[in-house]
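Enquirer: Provide a 3D model corresponding to the input given below.
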Amino acid sequence: MKLESIETLLTTVCEYNTVRITQVFTRGPIDWISVRCIPSTSTLELTYLQEQKIELHDSVKEAAETILRQIQPAIPNKTIEGKSQALPF
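Expert: Numbering: from 1, shown residues only. The predicted structure follows:
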């Protein structure tokens, strides 16, 4: 999923902040993060479903970047001294 697509989705969720819309993002087959806009605000509430940890974001861009980092699998990086490094996003 592209960052721009996530930003568009989150912007839409915030535009309809007077109704209860929850979006769930998966990591592979696992539901990973649910997102909702706190009613009558533009604050996004991200809930990490495995841990039930909650983060609040006032910036759509920051929330989208966080979600993208969490749902993308690790990407192999260059081999350094014979060891493969993986990026977290």
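Enquirer: residues in contact with the helix or strand residue 14 falls within?
Expert: Following DSSP states H and E, the helix or strand that holds residue 14 is helix 3-15. For helix 3-15, contacts defined as C-beta atoms under 8 Å, 6 or more residues apart in numbering pick out 21, 23, 25, 35-37, 42, 44, 60-61, 63-65, 67-68. Yep, even glycine has a C-beta here, placed from its N, CA and C like the rest.
Enquirer: list the buried residues in the lengthiest strand in the chain.
Expert: Secondary structure assigned by DSSP state E gives strand 30-37 as the longest strand of the chain. For strand 30-37, burial by neighbour count (16 or more other C-beta atoms under 10 Å) applies to 32, 33, 35, 36, 37.
Enquirer: give the rounded mean pLDDT of that strand.
Expert: Mean pLDDT, computed over strand 30-37, is 96.
Enquirer: before we move on, back to that, out of the buried residues of strand 30-37, flag the one nearest to residue 50.
Expert: residue 32 (7.0 Å; C-beta to C-beta).
Enquirer: can you pull the contacts of the closest one?
Expert: 24, 25, 26, 48, 49, 50, 70, 71.
Enquirer: these in strands, which ones?
Expert: Counting by DSSP E, those contribute 24, 25, 26, 48 to strands.
Enquirer: for the third one, list each beta-bridge partner.
Expert: Pointing back at residue 26 there. residue 31 (DSSP bridges).
Enquirer: right, I'll call it a day here.
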